[in-house]
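Novice: Predicted model and sequence follow; I will ask about them next.
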Amino acid sequence: MTPTNLTGKLLIAMPVMGDDRFARSVVYICAHSDDGVMGLIVNKPSPEIRFLNLLEQLDIPMGPNARKIRVHIGGPVERARGFVLHSADYTSEGGTMQVDNNFAMTATMDVIEEIAQGAGPASAMMALGYAGWGPGQLESEIARNGWLTCEADDEIVFGRANDFKWTAALKNIGVDPLLLSETSGRA
(Lines give C-alpha, C1' and ligand atoms only; values in the text may rest on other atoms or scores of the structure.)
Protein backbone atom coordinates (compact mmCIF):
# COMPACT_ATOMS: atom_id res chain seq x y z
CA MET A 1 0.00 0.00 0.00
CA THR A 2 1.42 3.40 -1.00
CA PRO A 3 1.22 6.04 1.74
CA THR A 4 -0.61 9.25 0.99
CA ASN A 5 1.68 12.00 -0.22
CA LEU A 6 1.42 14.85 2.28
CA THR A 7 3.21 17.49 0.19
CA GLY A 8 1.34 20.78 0.56
CA LYS A 9 -0.64 19.62 3.62
CA LEU A 10 -0.55 20.67 7.26
CA LEU A 11 0.39 18.39 10.13
CA ILE A 12 -1.27 19.15 13.44
CA ALA A 13 0.46 17.80 16.54
CA MET A 14 -1.83 15.81 18.82
CA PRO A 15 -1.75 16.47 22.57
CA VAL A 16 -0.01 13.10 23.05
CA MET A 17 3.00 14.30 21.04
CA GLY A 18 5.96 12.93 22.95
CA ASP A 19 8.50 15.37 21.49
CA ASP A 20 8.35 18.77 23.22
CA ARG A 21 9.87 20.43 20.16
CA PHE A 22 6.62 19.68 18.33
CA ALA A 23 4.06 20.25 21.11
CA ARG A 24 1.02 22.07 19.66
CA SER A 25 2.87 22.53 16.36
CA VAL A 26 1.41 23.11 12.94
CA VAL A 27 3.84 21.98 10.23
CA TYR A 28 3.55 22.79 6.53
CA ILE A 29 4.87 19.84 4.48
CA CYS A 30 7.13 21.10 1.69
CA ALA A 31 8.24 17.71 0.35
CA HIS A 32 7.21 14.08 0.89
CA SER A 33 8.86 11.28 -1.06
CA ASP A 34 10.26 7.78 -0.58
CA ASP A 35 13.38 9.50 0.83
CA GLY A 36 11.46 11.14 3.70
CA VAL A 37 9.58 14.28 4.60
CA MET A 38 10.60 17.94 4.99
CA GLY A 39 8.38 20.57 6.54
CA LEU A 40 8.37 23.93 8.34
CA ILE A 41 6.69 24.69 11.66
CA VAL A 42 4.47 27.71 10.94
CA ASN A 43 3.22 28.62 14.42
CA LYS A 44 6.34 29.09 16.55
CA PRO A 45 7.94 32.51 16.09
CA SER A 46 11.55 32.86 17.16
CA PRO A 47 11.71 34.68 20.50
CA GLU A 48 15.25 35.92 19.85
CA ILE A 49 15.49 36.78 16.16
CA ARG A 50 13.56 39.51 14.38
CA PHE A 51 13.58 39.98 10.61
CA LEU A 52 15.08 43.48 10.81
CA ASN A 53 17.93 42.19 13.02
CA LEU A 54 18.50 39.38 10.55
CA LEU A 55 18.78 41.90 7.71
CA GLU A 56 21.40 43.80 9.71
CA GLN A 57 23.37 40.60 10.42
CA LEU A 58 23.29 39.66 6.74
CA ASP A 59 24.20 43.23 5.71
CA ILE A 60 21.07 43.51 3.56
CA PRO A 61 19.89 47.12 3.14
CA MET A 62 16.26 47.91 3.88
CA GLY A 63 14.29 49.96 1.42
CA PRO A 64 11.65 52.49 2.44
CA ASN A 65 8.92 49.90 1.76
CA ALA A 66 10.62 47.01 3.56
CA ARG A 67 8.18 44.37 4.74
CA LYS A 68 8.54 42.99 8.23
CA ILE A 69 7.91 39.29 8.11
CA ARG A 70 8.12 37.07 11.16
CA VAL A 71 11.00 34.69 11.73
CA HIS A 72 9.84 31.28 12.96
CA ILE A 73 11.54 28.24 14.40
CA GLY A 74 11.03 25.97 11.41
CA GLY A 75 12.16 22.82 13.16
CA PRO A 76 15.04 21.20 14.99
CA VAL A 77 17.16 20.36 11.92
CA GLU A 78 19.80 22.85 10.64
CA ARG A 79 18.56 25.73 12.80
CA ALA A 80 21.08 28.16 11.28
CA ARG A 81 19.66 27.62 7.78
CA GLY A 82 16.87 29.90 6.56
CA PHE A 83 13.85 29.08 4.42
CA VAL A 84 11.16 31.43 3.14
CA LEU A 85 7.77 29.80 2.71
CA HIS A 86 5.70 32.01 0.45
CA SER A 87 2.83 32.36 -1.95
CA ALA A 88 3.36 30.82 -5.39
CA ASP A 89 3.38 34.22 -7.11
CA TYR A 90 7.16 34.51 -6.66
CA THR A 91 9.95 32.50 -8.23
CA SER A 92 13.70 32.87 -7.77
CA GLU A 93 15.97 31.90 -10.64
CA GLY A 94 18.05 29.40 -8.75
CA GLY A 95 16.21 28.36 -5.67
CA THR A 96 12.43 28.25 -5.57
CA MET A 97 10.69 24.96 -5.05
CA GLN A 98 7.05 25.10 -6.16
CA VAL A 99 5.22 22.99 -3.60
CA ASP A 100 1.77 23.29 -5.18
CA ASN A 101 -0.40 25.92 -6.89
CA ASN A 102 -0.58 28.07 -3.74
CA PHE A 103 2.74 27.67 -1.93
CA ALA A 104 6.44 27.73 -2.73
CA MET A 105 9.65 27.74 -0.75
CA THR A 106 12.88 29.60 -1.46
CA ALA A 107 16.15 29.08 0.40
CA THR A 108 18.29 31.70 -1.35
CA MET A 109 19.19 35.24 -0.32
CA ASP A 110 17.46 36.93 -3.25
CA VAL A 111 13.97 36.46 -1.77
CA ILE A 112 15.10 38.05 1.52
CA GLU A 113 16.68 40.95 -0.40
CA GLU A 114 13.46 41.50 -2.36
CA ILE A 115 11.31 41.44 0.78
CA ALA A 116 13.73 43.97 2.34
CA GLN A 117 13.00 46.25 -0.61
CA GLY A 118 9.22 45.83 -0.35
CA ALA A 119 8.98 43.40 -3.28
CA GLY A 120 8.97 39.62 -3.53
CA PRO A 121 6.04 37.31 -2.82
CA ALA A 122 2.66 38.66 -1.72
CA SER A 123 2.69 36.46 1.41
CA ALA A 124 5.73 35.08 3.19
CA MET A 125 7.13 33.77 6.44
CA MET A 126 10.71 32.92 7.28
CA ALA A 127 11.79 29.79 9.11
CA LEU A 128 15.13 28.95 10.67
CA GLY A 129 15.66 25.21 10.54
CA TYR A 130 13.22 22.58 9.37
CA ALA A 131 11.40 19.46 10.51
CA GLY A 132 12.59 16.28 8.86
CA TRP A 133 11.57 12.64 8.95
CA GLY A 134 13.32 9.63 7.44
CA PRO A 135 11.55 7.13 5.17
CA GLY A 136 8.41 5.82 6.88
CA GLN A 137 9.05 7.73 10.12
CA LEU A 138 6.24 10.29 9.78
CA GLU A 139 3.78 7.65 8.56
CA SER A 140 4.59 5.65 11.71
CA GLU A 141 4.03 8.71 13.93
CA ILE A 142 0.67 9.35 12.24
CA ALA A 143 -0.34 5.71 12.74
CA ARG A 144 0.48 6.09 16.47
CA ASN A 145 -1.89 9.11 16.67
CA GLY A 146 0.91 11.67 16.92
CA TRP A 147 -0.39 13.86 14.11
CA LEU A 148 -3.55 14.82 12.26
CA THR A 149 -3.43 16.16 8.71
CA CYS A 150 -5.46 18.78 6.87
CA GLU A 151 -5.42 20.97 3.80
CA ALA A 152 -3.13 23.99 4.01
CA ASP A 153 -4.88 27.31 4.49
CA ASP A 154 -3.24 30.67 3.68
CA GLU A 155 -4.52 32.28 6.89
CA ILE A 156 -3.14 29.50 9.04
CA VAL A 157 0.23 29.41 7.28
CA PHE A 158 0.79 33.17 6.85
CA GLY A 159 -1.49 34.63 9.53
CA ARG A 160 0.02 36.60 12.38
CA ALA A 161 -1.97 34.94 15.19
CA ASN A 162 0.55 32.17 15.94
CA ASP A 163 -1.06 31.34 19.29
CA PHE A 164 -4.28 30.37 17.51
CA LYS A 165 -2.96 28.48 14.47
CA TRP A 166 -3.06 25.07 16.19
CA THR A 167 -6.68 25.55 17.27
CA ALA A 168 -7.62 26.98 13.85
CA ALA A 169 -6.08 24.01 12.04
CA LEU A 170 -8.02 21.57 14.24
CA LYS A 171 -11.26 23.49 13.72
CA ASN A 172 -10.57 23.41 9.97
CA ILE A 173 -11.12 19.64 10.07
CA GLY A 174 -14.01 19.80 12.54
CA VAL A 175 -12.05 18.83 15.67
CA ASP A 176 -12.74 20.62 18.94
CA PRO A 177 -9.38 20.88 20.74
CA LEU A 178 -11.15 20.68 24.10
CA LEU A 179 -12.30 17.16 23.26
CA LEU A 180 -8.82 15.83 22.49
CA SER A 181 -7.35 13.50 25.07
CA GLU A 182 -3.85 13.84 26.50
CA THR A 183 -3.49 10.04 26.32
CA SER A 184 -3.72 7.64 23.42
CA GLY A 185 -4.68 4.03 23.07
CA ARG A 186 -6.29 1.44 20.87
CA ALA A 187 -9.60 -0.33 21.38
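Specialist: Looks like it came in fine. Numbering: from 1, shown residues only.

Novice: tell me, what residue is most central in the chain?
Specialist: Leu40 (2.9 Å; Cα atoms, centre = their mean).

Novice: Does anything pack onto the helix or strand harbouring Met105? Which helices or strands?
Specialist: Take DSSP states H and E as the rule and Met105 turns out to sit in strand 103-106. With contacts taken as 3 or more Cβ pairs under 8 Å, 6 or more residues apart in numbering; DSSP states H and E, strand 103-106 sits against strand 77-87, strand 96-98. (Each C-beta comes from the backbone N, C-alpha and C, glycine too.)

Novice: thinking again about what came up before, the residue nearest to the centre of the chain reaches Leu128, doesn't it?
Specialist: No: applying Cβ atoms under 8 Å, one finds Leu40 not in contact with Leu128, separated by 9.7 Å.

Novice: what residues are shared contacts of the two?
Specialist: Between them, Leu40 and Leu128 share the neighbouring residues His72, Gly74, Phe83, with contact defined by Cβ atoms under 8 Å, 6 or more residues apart in numbering.

Novice: which one among these gets closest to Ala169?
Specialist: Taking Cβ to Cβ as the measure, Ala169 sits nearest to His72 out of the shared contacts of Leu40 and Leu128, at 15.0 Å.

Novice: Relative to Asp89, how far out is the closest one?
Specialist: Relative to Asp89, His72 is positioned 20 Å away (Cβ to Cβ, to the nearest Å).

Novice: Looking at the two, which one has more neighbours?
Specialist: Set side by side, His72 and Asp89 give different neighbour counts by other Cβ atoms under 10 Å, the larger being at His72 (22 against 11).

Novice: Can you tell me, leaving aside adjacent residues, what's nearest to that one?
Specialist: Nearest residue to His72 in three dimensions, chain neighbours excluded: Ala127, at 4.7 Å (Cβ to Cβ, 6 or more residues apart in numbering).

Novice: Might you report the residue contacts of that neighbour?
Specialist: Here Ala127 is in contact with Leu40, Ile41, Val42, Val71, His72, Ile73, Gly74, Gly75, Gly82, Phe83, Val84, Leu85 (Cβ under 8 Å, 6+ apart).

Novice: 10 Å instead, please
Specialist: Contact partners of Ala127, counting by Cβ atoms under 10 Å, 6 or more residues apart in numbering, are 28, 30, 39-42, 44-46, 70-75, 79, 81-85, 105, 107.

Novice: Of those, just the buried ones, ChimeraX syntax please.
Specialist: Applying 16 or more other Cβ atoms under 10 Å to these leaves a buried subset, and the ChimeraX line that selects it is:
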select :28,30,39,40,41,42,44,45,46,70,71,72,73,74,75,82,83,84,85,105,107
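
Novice: All good on my end, thank you.
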